[in-house]
Structures are given as C-alpha cells and as structure tokens.
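Participant: task: produce atomic coordinates for the following.
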Amino acid sequence: MNFGRIFLVKCLLLLFPKAKCTSTINIYKAVNETALLNFTAENMHETVWSRGNEKLLQIKDKKIKYYVEKTRCRCKVLLNGTLRIERLVKEDSGIYKVSAYDKNGKLKADETVVLIVLEPVPQPILSAECINKTLYVKCTVKKTEDQVFTIELTQDKINKSQTNVTEVEFTTRHSGRYRCLVKNQVSKKTTEKEIKCPGQLDLYLILCIAGGAVFFVVFVILLIYCIRKKKADRLEDDDEERLQIHQVDTEMAMRKLPQPPSNPTPQQRPLPQPHAQQQAVPPRPKPRTQLQAQSQLRERH
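Facilitator: Residues are numbered from 1 along each chain as shown. The predicted model follows:
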C-alpha cells in the first residue's frame, strides 16, 4: 500500500473540501429506442440537465421546468433525477451534463453522459465461389452514411474480422458451415450457410471413410479369426472323440475270450444211426481157443 499517495489525497481534501469529482459515462443506443440517463447521487433537492451549453430541463422540489419545447426534446425527467429520451434519432447523440444540489445549495453531483445513437446493422450476405477446388468465401453488407460496424467471417478455427469495411473475404480449401456476423454496440445480425466445393472431399467425410474402412478390416479379421478358432475347436473335439472310441475298442478287444489252440482236434465218433437203417451183420466165428476152452469145461463137469 502506498501511504504517500493516501496522505496526499487527504491533504487535498482538507485544502479543497468542496471539490467534487466529475465522471463521464458512455451510453450506446439504437435509433427509435429509449435512453435513460442517470447519475450516482440520490435524493437531490435540485437536478439540472443540459446538452452542451443548452439547458433542457430542471426538477426542483419535485417540480419540473422545461427550457426547450417538449416535442423537440422528447425528454422527461423522473422523480429521482433520471433523464428519459424517447424515440431516439441520430441527432440526439451528444454530451449531456447533469448537476445535482442538496437543500443547502451545495453541489453533490456533476457528471457527464455521452449518448451515442447508432443505426442497427444491416443483414449480411454470404456468398462463395469454387475455382480449382479452392473456395473464395465473401461476406458483404450495405453500409449507410457514418455507420461503423465489425464483420466477422468464421468457419471452425478459421476467423477473419475487420472494422469499418463493407466486405470480408478469405480463401480456403475447407468445406463446411460458414458464419458471417455483423455487429456494432447496439445490434448484431448473422447469416450462416453450408458451403461445399464440387469435387472436393470434406475433411470429416475423409475421416469417416477412413474410419469405416478400418472398422471393416478389423471386423473381417475378427470374423476370420472366430471361424478358424471354431473350426480348430471342432477338430480338437473330433480327435478327442476318436481317441475315446479307439480306447473303448481296445478295451473291448482285450476283454474277449482267448482263441483255441491251433493243434488239430481228434475226430469225433459218428453218431449212432437208427436200427432201421443199420444192415444185419453176420456173427463172426469164434476163435479156436475159445472153443477148446469151452469143451474142456464141459468134460470136467
């Protein structure tokens, strides 16, 4: 904190106790609007408004006194001292001064208000021309006399602005939505248009096409991978099933009875045939030894 400056201000206030600081306020209004010119002091006993060196009106003890014709002034004063000007015209522009006094006649406010009446801005016209895949974008307005405004021509990050001109133009290779803004302190108007150059691919379109192609390639790769994986899983399942079948066949083969030996078996006896079919065989003659034995037995008896 600068104590030296504070001390200097206090000394000036002691030396000049009746000194009052004046302030200046700028007010912008459009034609045919209403302006309210006020000041910081309140509850003043007397307030006087003037324009340049000409007094307009006075309010003292809630009584209003006009120094000019009401129809020419088109102004009124409110009870709090605010000046009201209706149906503004460009000739109303100027420097207005207000002086306010208390009941003792001491000056409590001495302020200046600068009123600037402007015409509303015209509607801008946005046009474009495409030559060799290059865009020439132009924003134009119809300017009246003594009219000042700003033109802004924008498209995404492209921005060009100029003041007190009737047209703004720039060259680009980017298609898209362009916006032309004309403004001043009291009004603004905008024109927007989608502008494309024939035969020129937009950046967003290129990005969308590239993104779609990448997505399609990734999709095809994933599809092929899934098909191959599913086929490999199926072949693996088939191999496991075949292995299980082979194991079962092996176990069944081992459980079978052993085969008979390879040695030839003795011939089986023929089955006895029925008596009707058998031929009568004559009895064989007894051997001589048997006959001798029988004869000897008989002799002994």
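Participant: just the pLDDT for Asp140.
Facilitator: For residue 140 the amino acid is Thr, not Asp. We note a pLDDT of 92 for Thr140 in this prediction.
Participant: the closest residue in space to Cys130 that isn't next to it in sequence: neighbour count?
Facilitator: The shortest distance from Cys130 to any non-neighbouring residue, by CB to CB, 6 or more residues apart in numbering, is to Cys197 (4.0 Å). Every residue, glycine included, has its C-beta placed from N, CA and C. Using other CB atoms under 10 Å, the number of residues around Cys197 comes to 20.
Participant: ok, Cys197 - contacts?
Facilitator: Going by CB atoms under 8 Å, 6 or more residues apart in numbering, Cys197 touches Cys130, Lys133, Thr134, Leu135, Arg173, Ser175.
Participant: any low-confidence regions in the stretch 51-200 of the chain?
Facilitator: 199-200 (pLDDT under 70).
Participant: quick one, strands of it?
Facilitator: Under the criterion DSSP state E, counting those that start in this stretch, strands of the stretch 51-200 of the chain are mapped to 54-60, 63-66, 75-77, 83-85, 94-101, 107-118, 125-131, 134-140, 150-155, 158-163, 167-172, 176-183, 188-195.
Participant: could I get those in JSON lines, plus columns for mean neighbour count and distance to Ile224?
Facilitator: What follows is the strands of the stretch 51-200 of the chain, written out as JSON lines (neighbours: other CB atoms under 10 Å; distance: least, CB to CB, whole Å):
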{"stretch": "strand 54-60", "mean neighbour count": "17", "distance to Ile224": "89"}
{"stretch": "strand 63-66", "mean neighbour count": "12", "distance to Ile224": "92"}
{"stretch": "strand 75-77", "mean neighbour count": "19", "distance to Ile224": "85"}
{"stretch": "strand 83-85", "mean neighbour count": "20", "distance to Ile224": "80"}
{"stretch": "strand 94-101", "mean neighbour count": "19", "distance to Ile224": "82"}
{"stretch": "strand 107-118", "mean neighbour count": "18", "distance to Ile224": "70"}
{"stretch": "strand 125-131", "mean neighbour count": "15", "distance to Ile224": "44"}
{"stretch": "strand 134-140", "mean neighbour count": "19", "distance to Ile224": "43"}
{"stretch": "strand 150-155", "mean neighbour count": "19", "distance to Ile224": "43"}
{"stretch": "strand 158-163", "mean neighbour count": "12", "distance to Ile224": "44"}
{"stretch": "strand 167-172", "mean neighbour count": "15", "distance to Ile224": "43"}
{"stretch": "strand 176-183", "mean neighbour count": "19", "distance to Ile224": "38"}
{"stretch": "strand 188-195", "mean neighbour count": "14", "distance to Ile224": "41"}
